[in-house]
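Asker: predicted model follows, preceded by the sequence.
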Amino acid sequence: MRFPLALHAAMTRSFIKNAIEGRKIFPLVLMLEPTHRCNLVCAGCDRIRLHKDDRPIDLSLDECMQAVVESGAPVITITGGEPLMYPDLKPLIEKVLALKRHIYLCSNGLLMDSFLDTIEPSSSLTLNIHLDGMEETHDRIVCRQGTFKTAVAAIKKARRLGFRVSTNTSVYKNTDIGELEELFGMLKDADVTGILIAPAFSYESVDEDIFLEKEEIAEKFGRMGPLFKKYPLINSPIYLDFLMGKRDMKCTPWGNPTRNPLGWKSPCYLITDGYYKTYSELIGKTDWSRYENGLDPRCSNCMVHSGFEATVVRNAFSHPGDLLRLALWNLRKN
């Protein structure tokens, strides 16, 4: 299976609970950034650029747990920055798991080797390691040689130890499809639990002409279609249809709210207009219709999974055909 049954059950319970309570805006995944510190300066990332002069202090462990409880999200993505640089990461993971939440821990893999010796595998914990291509390409994008080899070694060690491991790959304008197939084949041979892929978001703080426009995304992902049936992708087939231009979807900007050292980030993980002190303020004061309907110009080329996979889940419960398709897809590893 691509996702544990317990995760599906948690998502379903969340939908039913919020429906009973009459709540239409609620999170599926909390994007928790306990630190903005990082040991890389990747070409397509905005975090280091945004905070290079005034990087805030880390969230405390208590602040992290307050965000988990406050949001009520069944899935917690611990990201950053590089979360393995956060000193309270191990107790954070333990406390979140104790609340019966599911964790995706996103890392570049550089510090993963030693970290693996400090924690136990869990069906509710998935290690997600970023790889943007084979060795030469990936090391160029992250601006450090040796990163690819270190990340791949961490993936293989984690799988030997029994951890769930997925990978995350951003697709840029110059991404070579043949190289992606080589990467996916290597990851399949390494027995990764799943592969996540999405077009990179065009951050304003990144000057390089490396991002795809919406028409280019449909063309490129359309050519990648044969790969989606060969490898253990954890992108839903409905989202992949969207990327290939076969289906239209609105964003669900509130589906993946972000809490980081500056506060609750509005409106979404990718766009920053401001910060709120509480989750309830974020929900109550953000003009969600502006972003759901793509009225903000920054949304014009966005097809990133953090906004649209939430739409897939949100719509599936009212479309039995999509719900059945998702259920059958989850039963097959590839």
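Answerer: Nice, thanks for sending it over.
Asker: helices and strands of this protein: which one bottoms out on pLDDT?
Answerer: Within the chain, judged by mean pLDDT, DSSP states H and E, the helix or strand with the poorest mean is helix 47-51; its value is a mean of 60.
Asker: after that one, which helix or strand is next?
Answerer: With elements assigned by DSSP states H and E, the helix or strand that comes after helix 47-51 is helix 61-71.
Asker: just give me how far that next one sits from the chain centre.
Answerer: From the chain centre to the centre of helix 61-71 is a distance of 19 Å (C-alpha atoms, centre = their mean, to the nearest Å).
Asker: which other helices and strands contact it?
Answerer: Using 3 or more C-beta pairs under 8 Å, 6 or more residues apart in numbering; DSSP states H and E as the contact criterion, the secondary-structure elements in contact with helix 61-71 are strand 29-32, helix 89-98, strand 258-260, helix 279-285. For glycine as for every other residue, the C-beta is placed from the backbone atoms N, C-alpha and C.
Asker: switch to 10 Å and redo it
Answerer: Contact analysis of helix 61-71 by 3 or more C-beta pairs under 10 Å, 6 or more residues apart in numbering; DSSP states H and E lists strand 29-32, strand 75-78, helix 89-98, strand 258-260, strand 263-267, helix 279-285 as its packing neighbours.
Asker: mind listing what the shortest one pairs with, with the direction of each?
Answerer: Spelled out, that is strand 258-260. For strand 258-260, sheet partners with direction are given as strand 29-32 (parallel), strand 263-267 (antiparallel), following DSSP bridges.
Asker: which one of these lies nearest to Asp191?
Answerer: Proximity to Asp191, assessed across the strands paired with strand 258-260 by C-beta to C-beta, is greatest for strand 29-32 (24.9 Å).
Asker: quick one: low-confidence ranges for the protein?
Answerer: Along the chain, the parts satisfying pLDDT under 70 run over 43-55, 203-208, 334.
Asker: next, the buried residues of the top strand by length along it.
Answerer: Across the chain, the strand with the greatest residue count (assigned by DSSP state E) is strand 164-171. Using 16 or more other C-beta atoms under 10 Å as the test for burial, strand 164-171 gives 164-171.
Asker: tell me which element Leu7 falls in.
Answerer: Using DSSP H and E, the element containing Leu7 is helix 5-20.
Asker: remind me what that helix packs against, helices and strands.
Answerer: strand 75-78, strand 102-107, helix 305-316, helix 320-331.
Asker: mind listing what's buried in it?
Answerer: 7-8, 10-11, 14-15.
Asker: what does stretch 84-92 give?
Answerer: Within stretch 84-92, the residues scored as buried using 16+ other C-beta under 10 Å are 84-86, 88-89, 92.
Asker: closest to His305 among these?
Answerer: Distances from the buried residues of stretch 84-92 to His305 were compared by C-beta to C-beta; the smallest belongs to Leu84, at 22.3 Å.
Asker: picking up where we left off before, redo the helices and strands packed on helix 5-20 as a markdown table? Include distance to Arg160.
Answerer: As requested, the helices and strands packed on helix 5-20 are arranged in a markdown table below (distance: least, C-beta to C-beta, whole Å):
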| stretch | distance to Arg160 |
| --- | --- |
| strand 75-78 | 22 |
| strand 102-107 | 17 |
| helix 305-316 | 28 |
| helix 320-331 | 25 |
